[in-house]
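In: Coordinates only, no sequence provided:
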């Protein structure tokens, strides 16, 4: 794991000094729990379409929400590296988006983005 | 449902083998993502055991990369789970679109197949439906091969990741943003996306500056989703298909061919 940030260390010190039994879950247990919860959510999403369609109809309005949501998640994750990242990061993002727009091949787009970032850093 | 299929779906061993055979070659194109996930996991400090566990149980590239992006102590549990739900919500639409192809199958054949439904074999199943191929074993067989390909490629990435030296020099830190950028490009439907996506970018960056780690994904996603909902206009009644089967017959909205 990455080094613990100060507030965690502080929390552990407080716990240790309080003499209370260790109630904080160890990192690994929490990590496994998060992965299991991710698996339940993802498996549920895979079964939900069949399950729901046997019972209800997804309205176009709800479908519009889900579609915008899916795009917005990706936008939200790209924005910080696009703004705060170095020029190589921006070159990589532009390369990946361009290759995807032209070829529709996601694996190729990722490789070209990677190559753009590496080339930029080697060159400068 | 007015467009009830005249063909009942079947579920046979031959269909399962058919799906396996068709996926072995296409699966190669998924391997770069699995390798990239393995390498990124090493870089991010996730243990190989946890990376393999997540790949086996979740098996959804986009949400795995998102979780990895947020993976730091203390673990931002709620943002990770909300991001997982938001990214994988597309599976609900996949299942809804594919439903006419599986209608009538018993649950013990239907839901195991659904559990291994990823972008690639869902697309294969949709194409199969177009050609009038109604053996749902295809979905399960293809999904089984996808699990094997995904785990193998993640394992390769985990081994390669620890041998690679400074990952930044090789541009590895750009892999996740590039995967997201490519997926987003494929999801672009037109100028109607500008407002929700722009709003998501602005709110996400504000949250990134002022909120605890990980929350920018949740804030941006909900802001963009809600704006998309508010901007949605019902199609004029004259053009709208009558009845409740529009999701059935129209297929899903333009979605990215994300892996797996």
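Out: Structure received. Worth saying up front: this structure is predicted, and the values here are computed from it rather than measured.

In: and the lengthiest helix in chain A, average pLDDT?
Out: The helix that spans the most residues within chain A, counting by DSSP state H, is helix A:27-53. Along helix A:27-53, the predicted confidence averages to a pLDDT of 94.

In: Stretch B:98-115 too?
Out: 92.

In: buried stuff in that stretch?
Out: B:98-103, B:105, B:109-110, B:113-115 (16 or more other C-beta atoms under 10 Å in any protein chain shown). For every residue, glycine as well, the C-beta is placed using N, CA and C.

In: ok, now which ones touch residue A:69?
Out: B:86, B:89, B:221-222, B:224-225, B:228 (C-beta atoms under 8 Å, 6 or more residues apart in numbering or on different chains).

In: quick one: it from residue B:26, how far?
Out: 28 Å (C-beta to C-beta, to the nearest Å).

In: Over to residue A:40?
Out: For residue A:40 relative to residue B:26 (C-beta to C-beta), the value is 28 Å.

In: How about residue B:188?
Out: According to C-beta to C-beta, residue B:188 stands 24 Å off from residue B:26.

In: Ok, residue A:64 next?
Out: Taking C-beta to C-beta, one finds residue A:64 at 31 Å from residue B:26.

In: neighbour-wise, which of the two wins?
Out: For the pair residue A:64 and residue B:26, the greater number of neighbours falls to residue A:64 (21 against 16), based on other C-beta atoms under 10 Å in any protein chain shown.

In: Please name the nearest non-neighbouring residue to the residue of the stretch 51-200 of chain B found nearest chain A.
Out: The stretch 51-200 of chain B approaches chain A most closely through residue B:95 (1.6 Å), counting by C-beta to the nearest C-beta. Spatial nearest neighbour of residue B:95, chain neighbours left out: residue A:49 (1.6 Å); criterion: C-beta to C-beta, 6 or more residues apart in numbering or on different chains.

In: isn't the one you found right up against residue B:98?
Out: Yes - if you go by C-beta atoms under 8 Å, residue A:49 and residue B:98 touch, sitting 7.0 Å apart.

In: Leaving aside the residues adjacent along the chain, what's closest to residue A:108?
Out: Nearest to residue A:108 is residue A:99, by C-beta to C-beta, 6+ apart, at 5.8 Å.

In: Sort out which residues of stretch B:141-159 are buried, please.
Out: So stretch B:141-159, judged by 16+ other C-beta under 10 Å, has buried residues B:141-147, B:149-151, B:153-155, B:157-158.

In: So which of the buried residues of stretch B:98-115 reach chain A?
Out: Contacts with chain A within these, as defined by C-beta under 8 Å from any C-beta of the partner chain: B:98-99, B:102-103, B:110, B:114-115.

In: looking at chain A, which helix or strand is least sure?
Out: One helix or strand of chain A scores below all others by mean pLDDT, DSSP states H and E: helix A:6-18, with a mean of 45.

In: most surrounded residue in the contacts of residue A:69?
Out: Greatest neighbour count in these, by other C-beta under 10 Å, goes to residue B:224: 32 neighbours.

In: Identify the residues contacting that residue.
Out: A:68-69, A:71-73, A:75-76, B:196-197, B:199-200, B:203.

In: roughly how far apart are the residue in chain A that chain B sits nearest to and residue B:11?
Out: Closest to chain B within chain A is residue A:49: 1.6 Å, counting by C-beta to the nearest C-beta. Distance from residue A:49 to residue B:11, counting by C-beta to C-beta: 18 Å.

In: And for residue B:109?
Out: Distance from residue B:109 to residue B:11, by C-beta to C-beta: 4 Å.

In: Which neighbours do those two have in common?
Out: Listed as contacting both residue B:109 and residue B:11 by C-beta under 8 Å, 6+ apart are B:136, B:140.

In: Please, which helix or strand holds the spatially most central residue of chain A?
Out: The centre of chain A sits closest to residue A:77, judged by C-alpha atoms, centre = their mean, with a distance of 6.9 Å. Taking DSSP states H and E as the criterion, residue A:77 maps to helix A:60-84.

In: what about that helix, average pLDDT?
Out: Rounded mean pLDDT across helix A:60-84 is 88.

In: same check, this time on stretch B:206-226
Out: The average pLDDT within stretch B:206-226 is 89.

In: shaky segments in the stretch 151-260 of chain B?
Out: Judged by pLDDT under 70, the stretch 151-260 of chain B has its weakly predicted residues at B:237-260.

In: Kindly recompute the last result at 90.
Out: Within the stretch 151-260 of chain B, the segments meeting pLDDT under 90 span B:161-177, B:179-180, B:182-184, B:186-189, B:211-218, B:221, B:233-260.

In: In contact with the closest residue to residue A:83 other than its chain neighbours: list those residues for me.
Out: Excluding its sequence neighbours, the residue lying closest to residue A:83 (C-beta to C-beta, 6+ apart) is residue B:205, at 6.2 Å. For residue B:205, the contacting residues are A:79-80, A:83, B:216, by C-beta under 8 Å, 6+ apart.

In: Name the helix or strand for residue B:205, please.
Out: Using DSSP H and E, the element containing residue B:205 is helix B:194-210.

In: Flag every buried residue along that helix.
Out: Residues of helix B:194-210 classed as buried: B:196-197, B:199-201, B:203-205, B:207-208 (neighbour count, 16+ other C-beta under 10 Å).

In: Quick check, residue B:139 in contact with residue B:112.
Out: No - the pair residue B:139 and residue B:112 fails to qualify as a contact (C-beta under 8 Å) at a distance of 9.5 Å.
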